[in-house]
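Asks: would you be able to build a 3D model of this:
(chains A, B, C, D, E and F)
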Number of protein chains: 4
Amino acid sequence: MERRLTSRGAERRRQLLATAGRRFAEHGYHTTSVAEIVHEVGVGKGVFYWYFESKEQLFLEVLAQAQAELRRAQEAEVGDEVDPVRRIERGIRGALTWLEANRDVLAVFQLAATDVRFVGALRAGEEIMAAELAGHLKDGIVSGRIPDGDPLVLAHAVLGAVEALAHTFLGREGAWDEGVADTAVAFCLGGILATRRRGASGSS
Amino acid sequence: MERRLTSRGAERRRQLLATAGRRFAEHGYHTTSVAEIVHEVGVGKGVFYWYFESKEQLFLEVLAQAQAELRRAQEAEVGDEVDPVRRIERGIRGALTWLEANRDVLAVFQLAATDVRFVGALRAGEEIMAAELAGHLKDGIVSGRIPDGDPLVLAHAVLGAVEALAHTFLGREGAWDEGVADTAVAFCLGGILATRRRGASGSS
Amino acid sequence: MERRLTSRGAERRRQLLATAGRRFAEHGYHTTSVAEIVHEVGVGKGVFYWYFESKEQLFLEVLAQAQAELRRAQEAEVGDEVDPVRRIERGIRGALTWLEANRDVLAVFQLAATDVRFVGALRAGEEIMAAELAGHLKDGIVSGRIPDGDPLVLAHAVLGAVEALAHTFLGREGAWDEGVADTAVAFCLGGILATRRRGASGSS
Amino acid sequence: MERRLTSRGAERRRQLLATAGRRFAEHGYHTTSVAEIVHEVGVGKGVFYWYFESKEQLFLEVLAQAQAELRRAQEAEVGDEVDPVRRIERGIRGALTWLEANRDVLAVFQLAATDVRFVGALRAGEEIMAAELAGHLKDGIVSGRIPDGDPLVLAHAVLGAVEALAHTFLGREGAWDEGVADTAVAFCLGGILATRRRGASGSS
DNA sequence: AATGAATGAGCGTTCATTCAT
DNA sequence: GATGAATGAACGCTCATTCAT
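Replies: All right, here's what the predicted structure looks like:
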């Protein structure tokens, strides 16, 4: 239902989306009621249903927006770098920098992971990121910069490590510093560049 | 109010715990009602409250049990291995093996991460695992087996990578094979053993 | 959360309050369900919680309203009478007249007396009435119109006698007549004016 | 269903009755569960239903016992006194003394007043006391000791005053002393002996 | 006699959603 | 566009009562 919105309307919509995103992140999906959202924005309940079909669709939109913005930030950071390993590094740094400024987003992602209605959209976004990362890895493998290995598995390992670090250290007051990003990069690149030694642990 | 249970009672309790755990994993916390759980077990509603104080406490128990069993499985796998790098490897393999046989558990962990009432217990368990892993890392650093780096940050990176792989590849039918565990180990150990090159990405 | 109500809303609220008050008086607090109240008013369950925070708060409001109206009626009856004994008489008559027209109220008072959540509010109201009455008594004692005695004890005795008569004779169909009020007044004033003979029973 | 009880059984029954009475008085009827009662006594739930048909019947029995004991205490106090006014005085004192030692009972009476299932039994007991008191009053009127008036109305006024004083001053820690009983007696007898001056308040 | 376990109707309350104004 | 009011299914939970052992 394409709706033409006045600029005031578009602003309202943005406001609702932002408020909802924050509250979802802070209190969870089920524990955030439509009543709370509209109350915080200071409008009546009808307004909500003028701009959004349902609470479910609202969440999906919050999620999609967060995913799109993260990707955009990452792309901007990666820029036109051609070396695949450097692309990966920049991607990691870009994601961490953006997440640092948008801490709610991780909570929204986690929320999405726990609900059948949202997990599909979440995974789809993850797959896109994983596929892109896997593309860089493949490039590196082909060009001999990166030892052979399953690019998709490696991509998910990188994503998982980055997300865990972001989550753990952004979530604690005062725990975040540049060193965490440096360690994230070093760990991931080290993992990528070392994978030829499959299953080996003791080799010096 | 310590309750002495007959063996029939203990069995009922176990039954409810298992059923609830499965449904939580499949449908989420809020989307699983007490009515559904008792219906599936085939008992009346009151039975639930005979064995559990509340739905919340039940979830906490499901979570605690899963955490305890995972740690137990890991400890059994690590055994008396003395080399810290090998301890880490065995820990990763032990966790992945156990999670393969108990796939619901990851979903329960994710659920717990999204609810203020549970996140404390979840994080406490995570911190224990991270601390243990960090201990191995510290041992390795002291003995010169592992290059210097922040053990806690590395520990969370490893945990994140492992969890992401478990989640991504155990969640998809047919996607799991031994190679994933091998790659997980190789990636993590590579990441750990490479960390001296802080922030460096281009070194060959 | 101060709520601005439309006139339709205010009317609904009044309706619910009145219906609840009647049902409470007839069936008791625990034996009157929210479902019954809204059913009688002919609205959905949610409406109740639009206007009241909880069943408990509703009862408190019913109680407070009854207390306020009773006091108001009494004050109107007492008016500007200056003689303390006549003030007491008018107070008794005013209360009985109002209670005759609002018989539910006595039942609500009794209900409140049996629940820890309400007894505080009830006693507070009673204390106000007792204190006022005690004030008249003190005036009378000081001016010599009333023999010496503990004004607060006497006040409670009067209140108890009046309440018992109201309760007993208003509760029975056809038992109430002007004579009861006359006897109430005569009994109470006699008791008050006789108190100097402490503990004495046989004096003529 | 006449049941022959062993002496152990009779003791159990008494125990349940006493515990229930106390809890009813302290927490109310609906707010005292059968589970709590049997837990406090330290027996299983089945025991309760072995000795009592239902919670309702149990309450009725608690009430009946309290009424019977109060009457017995009063009768013992009144003894063979022949003067009707002195009989009334002794009745008041006997009731107050017994209530002082059995404070729960007033709460039980109030509870009974608020439930349709119990109010009948309560009123029946009250009527008996009122009738007895009215008998004394009639005797006094006939013999000229007491001025003319409606004995039943006066009886209820006396009962109400006494109950209110007991309730108010026994309910407050440290508020009870002999003076209250003296005032109660003086007030009631004053009220009784003064009733000829119907509706008159200003006569010196 | 007594127990622990079970029942299930019913309770107070919430909340996404709709709608008359 | 926007509001306050209304809906009602569903929820977590309680409890008097029953019953197999």
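Asks: walk me through the domains of chain A.
Replies: Split into domains by automatic domain parsing, chain A comes to A:1-52, A:59-193.
Asks: what average pLDDT does the longest one get?
Replies: Domain A:59-193 shows a mean pLDDT of 94 in the predicted model.
Asks: same question, the first one
Replies: Per-residue confidence for domain A:1-52 averages out to 89 on the pLDDT scale.
Asks: coming back round to it: among the domains of chain A, which is nearest chain C?
Replies: domain A:1-52 (8.9 Å; Cβ to the nearest Cβ). Every residue, glycine included, has its C-beta placed from N, CA and C.
Asks: any part of that closest one near chain C?
Replies: No. Contact between domain A:1-52 and chain C is absent, the nearest approach being 8.9 Å (criterion: Cβ under 8 Å from any Cβ of the partner chain).
Asks: quick one, what contacts the residue nearest to A:Glu77 when sequence neighbours are not counted?
Replies: The shortest distance from A:Glu77 to any non-neighbouring residue, by Cβ to Cβ, 6 or more residues apart in numbering or on different chains, is to A:Gly94 (2.8 Å). Neighbouring residues of A:Gly94 by Cβ atoms under 8 Å, 6 or more residues apart in numbering or on different chains: A:73-78.
Asks: of the residues you listed, grab the buried ones for PyMOL.
Replies: Selection of buried members from the contacts of A:Gly94 for PyMOL, criterion 16 or more other Cβ atoms under 10 Å in any protein chain shown:
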select buried, chain A and resi 73+74+77+78
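Asks: out of the contacts of A:Gly94, which comes closest to DNA strand E?
Replies: The nearest member of the contacts of A:Gly94 to DNA strand E, counting by Cβ to the nearest atom of the strand, is A:Ala73 at 30.3 Å.
Asks: what does chain A have sitting close to DNA strand F?
Replies: Applying Cβ under 7 Å from any atom of the strand, one finds that chain A approaches DNA strand F through A:5-6, A:8-9, A:12, A:42-47, A:50.
Asks: which ones among these map onto helices?
Replies: Of the residues of chain A next to DNA strand F, the ones assigned to helices by DSSP state H are A:8-9, A:12, A:45-47, A:50.
Asks: residue in chain A with the shortest distance to chain D?
Replies: Closest to chain D within chain A is A:Thr31: 29.8 Å, counting by Cβ to the nearest Cβ.
Asks: which SS class is that residue?
Replies: Judged by DSSP: H, G, I helix; E, B strand; the rest coil, the three-state class of A:Thr31 is coil.
Asks: got the residues of chain A near DNA strand E?
Replies: Residues of chain A lying near DNA strand E (Cβ under 7 Å from any atom of the strand): A:30-35, A:45-46, A:48-49, A:54-56.
Asks: one more time with 6 Å, if that's ok
Replies: A:33-35, A:45-46, A:49, A:54-56 (Cβ under 6 Å from any atom of the strand).
Asks: returning to what we had before: make TSV from the contacts of A:Gly94 and add secondary structure to it.
Replies: Formatted as TSV, these follow (three-state DSSP):
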residue	secondary structure
A:Ala73	helix
A:Gln74	helix
A:Glu75	helix
A:Ala76	helix
A:Glu77	helix
A:Val78	helix
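Asks: of the contacts of A:Gly94, closest to DNA strand F?
Replies: Taking those together and measuring to DNA strand F by Cβ to the nearest atom of the strand, the closest member is A:Ala73, at 29.8 Å.
Asks: setting the sequence-adjacent residues aside, check what's closest to the closest one.
Replies: According to Cβ to Cβ, 6+ apart, the nearest residue to A:Ala73 is A:Trp98 (3.8 Å).
Asks: doesn't A:Glu69 make contact with that neighbour?
Replies: Yes. Counting by Cβ atoms under 8 Å, A:Trp98 does reach A:Glu69; the two are 7.3 Å apart.
Asks: the more surrounded of those two?
Replies: Neighbours were tallied for A:Trp98 and for A:Glu69 using other Cβ atoms under 10 Å in any protein chain shown; the higher tally belongs to A:Trp98 (20 against 13).
Asks: can you tell me how far that one is from A:Ala68?
Replies: Distance of A:Trp98 to A:Ala68, given as Cβ to Cβ, to the nearest Å: 12 Å.
Asks: got it, and A:His30?
Replies: 25 Å.
Asks: which one of the two has more residues nearby?
Replies: The neighbour count for A:His30 versus A:Ala68, taken as other Cβ under 10 Å, is higher for A:His30 (17 against 11).
Asks: OK, contacts around that one?
Replies: B:His30.
Asks: need the contact list for the residue in chain A positioned nearest to DNA strand F.
Replies: For chain A and DNA strand F, the shortest gap (Cβ to the nearest atom of the strand) falls at A:Gly46, measuring 1.5 Å. By Cβ under 8 Å, 6+ apart, no residues touch A:Gly46.
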